[in-house]
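In: using only what follows, build the 3D model:
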Amino acid sequence: MLSVLSYDALNLGSSDFGFGERFLAQLKDKYRLPFVSANIYYGDTNRPFAHRFLIRRVGGNGFLGFGYGGIKVGIFGLSKVFSPKPTDWRDRKIVVKDPVEEAKRVVRKLRGKCNLVVALAQMDMQGLKELAQKVEGIDLIIGGGGGKRGNPLQVNHTLIVQPGSRGKNVGLLDLRLNPQGGVSSSNGSLVLLDNKFSDDKRIAQLVKEYKEEVRRRAKREQGRKKKAPSPPPKKLPRRDKGGVIKRK
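Out: Numbers count the residues shown, from 1 in each chain. Below you'll find the model as predicted:
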């Protein structure tokens, strides 16, 4: 579904490693998912697990695969510090580094290449505010800690928004940039995805296929349990009338 929705960038957090590093890496490669994370690394090689950042062009035109015009948006991901546990003996060790220090390194690279720098951060509001206070050069932070804030909160020169949890809301944000590349004004809101919005046909079909597969597997599992033979009863030693155990 993430592949069908065609996101520009997908940040990684602690829950994404619930089935282990190897499982997540296979999904990333199979569906070509644009994962970003500036502070999640492989412990054995010190190489990043995903792209540290991605640069996307908004507006403008393209010719023979080359883009021009419009503005360039640099997007990077951050997660709060956590300790991923391997679920398979083939899982490689994952290390989560300090998000503030890694953000400083990435922003230094992006500021000279982009008109707008956006951080996707898996943190609560306190962590988002600390990030805005300690790291200069981030124009927008989109928080994934479950809080809801559509209208941006400004901390120093950084705007902070949170769309909430479980994809219940879509965040809309309008930014106006000045000639120097900074944000001159902003306006944001959250749109609740209730019954007023019809289901996307392709996604609805994927959900239907998924539920049918779950039912088939559950039915097969129940069938296995019913057919499983019960263990034979244990043979107890035979006693005579006097209580003496007789053995053959």
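
In: give the burial count for the closest residue to V36 other than its chain neighbours, as a bare number.
Out: Leaving aside its sequence neighbours, V36 sits nearest to G77 (C-beta to C-beta, 6 or more residues apart in numbering; 3.8 Å). The C-beta positions use only the backbone N, C-alpha and C, and glycine is treated the same way. Close neighbours of G77, defined as other C-beta atoms under 10 Å, add up to 31.

In: please apply the same query to D124.
Out: D124: 15 surrounding residues under other C-beta under 10 Å.

In: buried ones in stretch 69-82?
Out: The neighbour-count check on stretch 69-82 (16 or more other C-beta atoms under 10 Å) flags K72, V73, G74, I75, F76, G77, L78, S79 as buried.

In: centre of the chain to it, how far?
Out: 13 Å (C-alpha atoms, centre = their mean, to the nearest Å).

In: can you check stretch 146-162 too?
Out: Taking mean C-alpha positions (C-alpha atoms, centre = their mean), stretch 146-162 and its chain are 19 Å apart.

In: lowest-confidence helix or strand of this protein?
Out: Lowest mean confidence among the helices and strands of the chain (mean pLDDT, DSSP states H and E): strand 245-246, at a mean of 57.

In: can you tell me the closest non-neighbouring residue to S189?
Out: Closest to S189 by C-beta to C-beta, 6+ apart is G150, at 4.3 Å.

In: picking that back up, pull out the C-alpha coordinates of the strand or helix carrying the residue nearest to V36 and format them as PDB.
Out: Here G77 sits within strand 71-79, counting by DSSP states H and E. Provided in PDB are the C-alpha atoms of strand 71-79 (Å, rounded to 0.1, in the frame of the first residue of the first chain):
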ATOM      1  CA  ILE A  71      12.100  24.600  -5.900                       C
ATOM      2  CA  LYS A  72      14.200  21.800  -4.300                       C
ATOM      3  CA  VAL A  73      13.000  20.300  -1.100                       C
ATOM      4  CA  GLY A  74      15.400  18.300   1.100                       C
ATOM      5  CA  ILE A  75      13.700  15.700   3.300                       C
ATOM      6  CA  PHE A  76      15.400  13.700   6.000                       C
ATOM      7  CA  GLY A  77      14.200  11.400   8.700                       C
ATOM      8  CA  LEU A  78      14.900  11.100  12.500                       C
ATOM      9  CA  SER A  79      13.800   8.800  15.200                       C
END
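
In: so V4 touches Q205, yeah?
Out: No - using C-beta atoms under 8 Å, V4 makes no contact with Q205, being 10.1 Å away.

In: pLDDT at P231, what is it?
Out: Note on P231: pLDDT of 69.
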